[in-house]
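**Q** Quick one, fold the following:
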Amino acid sequence: MQPSLPLAGLNILVVEDDDDTRFFVTTVLEADGAIVTAVPFAAPALEVLPQLQPDVLISDIGMPGEDGYALIRKIRALKPDIGGRVPAIALTAYGDSDSCVRALEAGFQTHVSKPIAPEELVEIVASVVASCHW
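**A** Below you'll find the predicted structure:
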C-alpha cells in the first residue's frame, strides 16, 4: 500500500534565487505529490501568479533586486481572485525573531529558517494549507 502524500495535487509556487535551494525545495515538494512551479526572482513570480493560482507560495526573503518582503506586499495588494490571498511561507536564512515578525507583518503566514529538513518542509506546507480558510 502506498503511503499517502500530504501534498498530493497541491499547486505550489516557489520563489528562490539560489539554484541549489530551489532544486532542493522543488524536489522535496514534488516527491510528496505537489505540482511545483519554481522561479528565481520576484518579477517572474508576479507574472505567473494570476494564471497559476497556486495553493501555496514559498518565497525566499533575501533575493537580489526585489526581496521577499516587497514581493508579498505586492501580492497582498492584488485582488483575491488573481492570487492576492495565496497562503505564503517565508523561507529565509534569517532565523531571528525580528525577521519572523517582519515576515508576518509583511503578509506571510509563517516564517521558516534555512536549512530545513524535508519532512519539516512538507509538514509546514501541509499545515499552512490546512489552516487557511479564506
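**Q** quick one, strands of this structure?
**A** 11-15, 35-39, 56-60, 88-92, 110-113 (DSSP state E).
**Q** Mean pLDDT and distance to Asp98 for those - can I get that in JSON lines?
**A** In short, each C-beta sits where N, CA and C put it, glycine included. Below are the strands of the chain laid out as JSON lines (pLDDT from 0 to 100; distance: least, C-beta to C-beta, whole Å):
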{"stretch": "strand 11-15", "mean pLDDT": "98", "distance to Asp98": "22"}
{"stretch": "strand 35-39", "mean pLDDT": "98", "distance to Asp98": "27"}
{"stretch": "strand 56-60", "mean pLDDT": "97", "distance to Asp98": "17"}
{"stretch": "strand 88-92", "mean pLDDT": "94", "distance to Asp98": "12"}
{"stretch": "strand 110-113", "mean pLDDT": "92", "distance to Asp98": "11"}
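**Q** Dump these to TSV, plus mean neighbour count and distance to Lys79.
**A** Compiled in TSV, the strands of the chain are given as follows (neighbours: other C-beta atoms under 10 Å; distance: least, C-beta to C-beta, whole Å):
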stretch	mean neighbour count	distance to Lys79
strand 11-15	24	17
strand 35-39	18	20
strand 56-60	25	16
strand 88-92	24	16
strand 110-113	18	23
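**Q** Reformat the ones you listed as TSV; add distance to Glu120.
**A** Converted to TSV, the strands of the chain look like this (distance: least, C-beta to C-beta, whole Å):
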stretch	distance to Glu120
strand 11-15	16
strand 35-39	17
strand 56-60	13
strand 88-92	11
strand 110-113	8
